[in-house]
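1. can you look at this prediction? I've put the sequence above it.
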Amino acid sequence: MPTYEYECKDCGHSFELFQSMTEIRMEKCPQCGGILRRLIGKGTGIIFKGSGFYATDYRSSDYHKKAKEEAGKVEKKKDEKSAPNSKSESKKKKDEGKN
């Protein structure tokens, strides 16, 4: 249920009222009986507590296993690229010996 802000047009009295969305809006000021207008509220921040609010909370154990395997493959590829290729080195040595 939202909290609505009201302000009296006659006396300037402002207050907040916690009421249902389907409830009829107030029309008379509780202090002077003047006409009220409902203000646009500031709202509040939404607070998520507990697990289940992030996409990673719902992932299965299979997903986590596959992610670890893929991370290992990526690291192996990086290591292979940084290490000199033994086949290309042996070809270079053979070519140097021919000249």
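-> Good, I have the coordinates.

2. any idea which element Arg38 lies in?
-> Assigning secondary structure by DSSP states H and E places Arg38 in strand 36-39.

3. mean confidence score for that strand?
-> Here strand 36-39 scores 90 as its mean pLDDT.

4. hmm, Arg38 and Cys8 touching each other?
-> No: using C-beta atoms under 8 Å, Cys8 is not in contact with Arg38, being 11.4 Å away. All C-beta spots, glycine's among them, are computed from the backbone N, C-alpha and C.

5. the two: which is more packed in?
-> Using other C-beta atoms under 10 Å as the criterion, Cys8 and Arg38 rank with Cys8 on top: 19 against 13.

6. how close does Glu23 get to Ala67?
-> From Glu23 across to Ala67, the span is 49 Å (C-beta to C-beta, to the nearest Å).

7. ugh, wrong one, Glu27
-> 59 Å.

8. count the residues that sit near Met21.
-> For Met21, the neighbour count with other C-beta under 10 Å is 7.

9. ignore the last one, Cys29
-> If you count neighbours by other C-beta under 10 Å, Cys29 ends up with 20.

10. what sits closest to it if chain neighbours are left out?
-> Excluding its sequence neighbours, the residue lying closest to Cys29 (C-beta to C-beta, 6 or more residues apart in numbering) is Cys8, at 3.8 Å.
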